[in-house]
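**Student:** take this sequence and fold it.
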Amino acid sequence: MEKVVVATFALNNLKSPKSVTEIPVSSSRGSRIQWGAAILPASMSGDGYTYIYGIDDAPTNKALRIARVKGSDLSQVDKWVFYNADLMAWMPDWEDGTHSTVGIANEFSVTKWDEGNSFVLISQDSIDAFSGKIRIWSNCQPWAFGRLLDHDVLTDMPEVGLFGSYGDKNIFAYNAHAHPTLASGGRRTLSYNVNSFDSTVGAQGAHYKDPSIYRPRFVSFKLVPFRSKRIAHNSSSKSERLASKNRASEASANRRAPPAEVYPGNE
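**Tutor:** The predicted structure follows:
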């Protein structure tokens, strides 16, 4: 990755940007941040800020970085401030931002959860390479989602690996995230993609033998606030997948909002 930019286009001309502003992605510390992995717009944040989430990439244990800017004009890069999890403060210098959560993937989502008066981050787990788990983090603010203890397994992606539904070690999943525009009646929808490392072109290739490998998967779930607990129930079409057994993570007693306890299962 050479650089990351914010490009602004006029709606009547999507061929040539009105402006292109480069975002710092590297420093003497060696970090290279992929900004724009997720965005929480000012219209949803509740405090008038747009939140820009970035990834400090690595084969495993990918780390979250967070920036924000007042209003909705992302091109004002000089007005971005960056979250320092150690100081619990926003810093004007990019190099003073720190990792705030470890174990998320390159693509994820951060959305408002009105019923729980909090925000939820949904991502594939990156603690293990090519993990088959989708996790959920929560906090009453759209930052400081915690370090490990604040996240729980929301559901598994049952297609993955030799012991997955395809019985193929080359099958992997990626890009799990929620779709807030598909929310209905308290239910939410997330999706993830499935693919194969087998790139053979022709009748013996995995995608040619079974085109269903490359179809996106959708999971319907519901977050239910219950006192200090948050419970998630998953369901999905029989033609797509069945929810699997999951675990509830241990609670964390700190200054953040109570962590989610997630109990996926069919409704």
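
**Student:** ok, which stretches of this structure are helices?
**Tutor:** 42-45, 206-209 (DSSP state H).

**Student:** nearest to residue 92, out of these?
**Tutor:** Among the helices of the chain, helix 42-45 comes nearest to residue 92, with 19.1 Å by CB to CB. C-beta coordinates here come from the backbone N, C-alpha and C atoms, glycine included.

**Student:** any chance you could list what contacts that closest one?
**Tutor:** Helix 42-45 is contacted from outside by 48, 49, 50, 51, 70, 71, 72, 111, 112, 142, 180, using CB atoms under 8 Å, 6 or more residues apart in numbering.

**Student:** dump the residue contacts of the residue located most distally from the centre of the chain.
**Tutor:** Centroid-distance maximum for the chain: residue 203 at 35.2 Å, with CA atoms, centre = their mean. By CB under 8 Å, 6+ apart, the contact set of residue 203 is residue 209.

**Student:** got phi/psi on it?
**Tutor:** Here is the backbone geometry of residue 203 (degrees, to the nearest 10): phi -60, psi -30.

**Student:** and of the helices of the chain, who's closest to residue 61?
**Tutor:** Nearest to residue 61, of all the helices of the chain, is helix 42-45, at 27.1 Å by CB to CB.

**Student:** give the rounded mean pLDDT of the closest one.
**Tutor:** Across helix 42-45, pLDDT averages out at 93.

**Student:** next, the buried residues of it.
**Tutor:** Across helix 42-45, burial judged by 16 or more other CB atoms under 10 Å covers 42, 45.

**Student:** pLDDT weak spots in the stretch 1-150 of the chain?
**Tutor:** Along the stretch 1-150 of the chain, segments meeting pLDDT under 70 span 1, 27-31, 116, 146-150.

**Student:** all the strands of it, in order from the start?
**Tutor:** Taking DSSP state E, counting those that start in this stretch as the criterion, the stretch 1-150 of the chain contains strands spanning 4-8, 19-23, 33-40, 49-56, 63-70, 81-84, 89-91, 101-102, 108-113, 118-124, 133-139.

**Student:** check the stretch 151-267 of the chain too.
**Tutor:** Here the stretch 151-267 of the chain has its strands, by DSSP E, counting those that start in this stretch, at 151-156, 171-178, 187-196, 217-226, 229-235.

**Student:** quick check: buried residues in stretch 196-213?
**Tutor:** For stretch 196-213, the buried set under the neighbour-count rule, 16+ other CB under 10 Å, comprises 196, 198, 206, 213.

**Student:** quick check: the last one touching residue 198?
**Tutor:** No. Judged on CB atoms under 8 Å, residue 213 makes no contact with residue 198 at a distance of 9.0 Å.

**Student:** what residues are shared contacts of these two?
**Tutor:** 206, 207.

**Student:** contacting residues around the nearest residue to residue 88 once chain neighbours are set aside?
**Tutor:** Distances taken as CB to CB, 6 or more residues apart in numbering put residue 144 closest to residue 88, at 6.9 Å, once the chain neighbours are dropped. Contacts for residue 144 (CB under 8 Å, 6+ apart) come out as 83, 85, 88, 100, 256.

**Student:** between those residues, which is nearest residue 20?
**Tutor:** When those are compared against residue 20 (criterion: CB to CB), the nearest one is residue 83, at 25.1 Å.

**Student:** report the beta-bridge partners for the closest one.
**Tutor:** For residue 83, the beta-bridge partners under DSSP bridges are residue 90.

**Student:** what about it, how many residues nearby?
**Tutor:** The number of residues packed near residue 83 is 23, by other CB atoms under 10 Å.
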